[in-house]
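> Could you work out the structure for the sequence below:
(one chain, ligands or ions: 2)
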Amino acid sequence: MGSVCSGASKGTVADATPAISAQKEGNVNANGSPLQPSRPPSQHGTGAVDENAVIQDIQRAVTPNPHASTKGDDEENYQIIRLLLLGAVESGKTTILEQIRIMFKQHFTEAELFHRKAFIYNTILRNVRTLVSRTRQMGLLYVNTQNESGADLILAQDETQYGHFTPEVEKAIISIWADKTTQHVYSKRSEINLNDSTKYFLDNLEKINKMDFRPTSNDLIMSYVPTVGIQNIIFSTNHRSFQLFDMGGQRIDRRKWATMYDGIDAIFFCLAISEYNQLMDEDGITNRLSDSMSLLEKIAQEPKFQTTPIFLFLNEVDVFREKLTVFPLSNHLPEYEGKSVEEALDFIEELATSRMEGHQKNYVYRTIAIETQSMSKILGEIFQIILKNN
Ligand SMILES: Nc1nc2c(ncn2[C@@H]2O[C@H](COP(=O)(O)OP(=O)(O)OP(=O)(O)O)[C@@H](O)[C@H]2O)c(=O)[nH]1
Ligand SMILES: [Mg+2]
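Ligands and ions are numbered 1, 2, ... in the order given. Sure, this is the predicted structure:
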């Protein structure tokens, strides 16, 4: 169309009244049937689902209908605008998808909430175990001596547990979390790469451990469930329909990315800049930031994307800021000579843009994907750009 449809909001897309034409989400295909179950972090790469069947299923679902109207017909019948979310593991892809869902008022289903609830319990258990282990590793004692036996109880829990905690375990977790020693260990969390949502969930354990606990949309934003394979959502705004594909960022999942490269109108690339001091779980040697930068370069050089706009999210700015004081950036990127957070951010941005050199259209944003308000503004701007170009 070349410009925003008549009747479009002049403000951000978030301000526009969304017309949701369909809602497909949570590892479902466009027909609404399950693709692959999300797996717990300890089971990466497993699952009995036939990946080829899944890919064929998706391709069938997204292949343009030859009988459908094309641009130039009635506005409502424009071809769907297809967006691809790419980036390494835990870079914020699904968080952005969830922010988009919130923005377009795509409510989460009961099944999704139930599924996510299980992961929230597991995340809490893993995080508190990490804190307890670190406390012992550092040779620290709890201020409340009774927490020593509570720590034993927590360490004895099965790490693959996905259900409610017994009252005894709940009491032990709450007491350990409140202990000054734990708070001291937590203040140094950058050293142990503790999941960022630790405080958020532990502060609310009593509420979360109730049988009738129903996660809020913010709980979903804060929790992490690794994406397996490909999930997608369909939504409409400004008389246009969008299909957004979210891909798992692990190496095993990246193999499937190329099956989705045809007919993509924009790429949302997430890069967790806070990972400059972390190594990849998959091999234990590759620096995570360096892996993400290589991935970005590969996408920017992909022949099929030469005219496809890339919206780059330099994500986890909050964690990055926090980490810089503990882990100087120059220890990991010796060419960095700056001193301030802003200089560090500029340096990372330059690094990222240099990896997209030669690519025709790219837009860079510094983001904190868990913040609904700031993300809604940024995504609003992005959707306006996309609408103008399609
Ligand atoms: N503090 C903070 N946490 C974030 C930010 N972005 C995402 N997170 C958290 O990071 C975790 C991982 O985010 P996801 O969006 O699920 O990561 P992903 O890229 O989809 O990861 P895979 O599906 O494994 O490829 C979640 O717990 C989020 O709440 C951010 O900007 N700041
Ligand atoms: Mg994901």
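> which helices and strands sit right next to the helix or strand encompassing Ile234?
Assigned by DSSP states H and E, Ile234 belongs to strand 230-237. Packing partners of strand 230-237 (3 or more CB pairs under 8 Å, 6 or more residues apart in numbering; DSSP states H and E): helix 51-62, helix 93-103, strand 240-247. Quick note: C-beta positions are derived from backbone N, CA and C, even for glycine.
> residue at max distance from the center of this structure?
For the chain, the largest distance from the centre (CA atoms, centre = their mean) belongs to Thr145, which lies 38.5 Å off.
> ok, which residues in the protein are in contact with ligand 2?
Counting by CB under 5 Å from the ion, the residues of the chain close to ligand 2 are Lys93, Thr94, Thr227.
> could you redo the last one with a cut-off of 8 Å?
With CB under 8 Å from the ion as the criterion, the chain meets ligand 2 at residues 89-90, 93-95, 97, 224-227, 231, 246-249.
> restrict those to contacts with ligand 1.
Val89, Glu90, Lys93, Thr94, Thr95, Tyr224, Pro226, Thr227, Gly248, Gly249 (CB under 6 Å from any ligand atom).
> Buried by neighbour count, from these: which ones?
Among these, those classed as buried by 16 or more other CB atoms under 10 Å are Val89, Glu90, Lys93, Thr94, Thr95, Tyr224, Pro226, Thr227, Gly248, Gly249.
> of all those, which comes closest to Ala151?
Proximity of those to Ala151 was ranked by CB to CB; the top entry is Tyr224 with 24.1 Å.
> which stretches of this protein form strands?
81-87, 230-237, 240-247, 266-272, 310-315, 362-366 (DSSP state E).
> lowest-confidence stretch among the helices and strands packed on strand 230-237?
Mean pLDDT is lowest for helix 51-62 among the helices and strands packed on strand 230-237, at a mean of 43.
> that older thread, farthest-apart pair in the buried ones among the ones next to ligand 1 among the residues of the chain next to ligand 2, please.
Thr95 and Gly248 (13.8 Å).
> Just give the nearest non-adjacent residue to Thr353, would you?
Once flanking residues are discounted, Thr353 sits nearest to Val364: 6.4 Å by CB to CB, 6 or more residues apart in numbering.
> and the one you found, how many residues sit next to it?
16 (other CB atoms under 10 Å).
> How about Ile252?
Count around Ile252 with other CB under 10 Å applied: 14.
> any idea how far ligand 1 is from it?
Distance, Ile252 to ligand 1, using CB to the nearest ligand atom, to the nearest Å: 11 Å.
> Distance-wise, check that residue relative to Ile273.
Separation of Ile252 from Ile273 (CB to CB, to the nearest Å) stands at 24 Å.
> Against Leu312, how distant is the residue lying closest to Leu333 once chain neighbours are set aside?
Once flanking residues are discounted, Leu333 sits nearest to Tyr276: 6.7 Å by CB to CB, 6+ apart. According to CB to CB, Tyr276 and Leu312 sit 16 Å apart.
> show me the contacts for the most centrally placed residue in the chain.
Computing the C-alpha centroid of the chain and ranking residues by CA atoms, centre = their mean puts Gly92 first, at 2.6 Å. By CB atoms under 8 Å, 6 or more residues apart in numbering, the contact list for Gly92 reads Cys270, Ala272, Phe313, Asn315, Glu316, Thr367, Ala369.
> Look at the residue nearest to the first one when sequence neighbours are not counted and say how many residues are nearby.
Among residues not flanking Cys270 along the chain, Gly87 sits closest, at 3.4 Å (CB to CB, 6+ apart). Using other CB under 10 Å, the number of residues around Gly87 comes to 25.
> Quick check: Gly87 touching Asp291?
No: applying CB atoms under 8 Å as the test, Gly87 and Asp291 come out as separate, 10.5 Å apart.
> Might you report the residue contacts of Ser91?
By CB under 8 Å, 6+ apart, the contact set of Ser91 is Gly249, Cys270, Leu271, Ala272, Ser292, Asn315.
> interface residues of the stretch 251-390 of the chain facing ligand 1?
Cys270, Asn315, Glu316, Asp318, Val319, Ile368, Ala369, Ile370.
> Mind doing that once more with 5 Å?
Asn315, Glu316, Asp318, Val319, Ile368, Ala369, Ile370 (CB under 5 Å from any ligand atom).
> hmm, which of those residues are the buried ones?
In those, the ones that pass as buried (16+ other CB under 10 Å) are Asn315, Glu316, Val319, Ile368, Ala369, Ile370.
> Which of these fall in helices?
Val319 (DSSP state H).
> Distance check, the residue nearest to the centre of the chain against ligand 1.
From Gly92 to ligand 1 the distance is 4 Å (CB to the nearest ligand atom).
> Do a quick rundown of the helices in the stretch 151-300 of the chain.
Ranges of helices within the stretch 151-300 of the chain are 167-178, 180-187, 198-202, 205-208, 217-222, 251-254, 288-301, based on DSSP state H, counting those that start in this stretch.
> Only the buried residues of the fifth one, if you could.
Spelled out, that is helix 217-222. Asp219, Leu220, Ile221, Met222.
> which of these are close to ligand 1?
Counting by CB under 5 Å from any ligand atom, the members of the buried residues of helix 217-222 near ligand 1 are Met222.
> Let's have the buried residues of helix 217-222 in CSV, adding distance to Leu324 and pLDDT.
Formatted as CSV, these follow (distance: CB to CB, whole Å; pLDDT from 0 to 100):
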residue, distance to Leu324, pLDDT
Asp219, 28, 92
Leu220, 29, 92
Ile221, 24, 93
Met222, 23, 92
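> Out of the buried residues of helix 217-222, which comes closest to ligand 1?
Taking CB to the nearest ligand atom as the measure, ligand 1 lies nearest Met222 of these, at 4.8 Å.
> Now do the same for the residue nearest to Met222 when sequence neighbours are not counted: its pLDDT.
Spatial nearest neighbour of Met222, chain neighbours left out: Ser197 (4.2 Å); criterion: CB to CB, 6+ apart. At Ser197, the pLDDT value in this model is 84.
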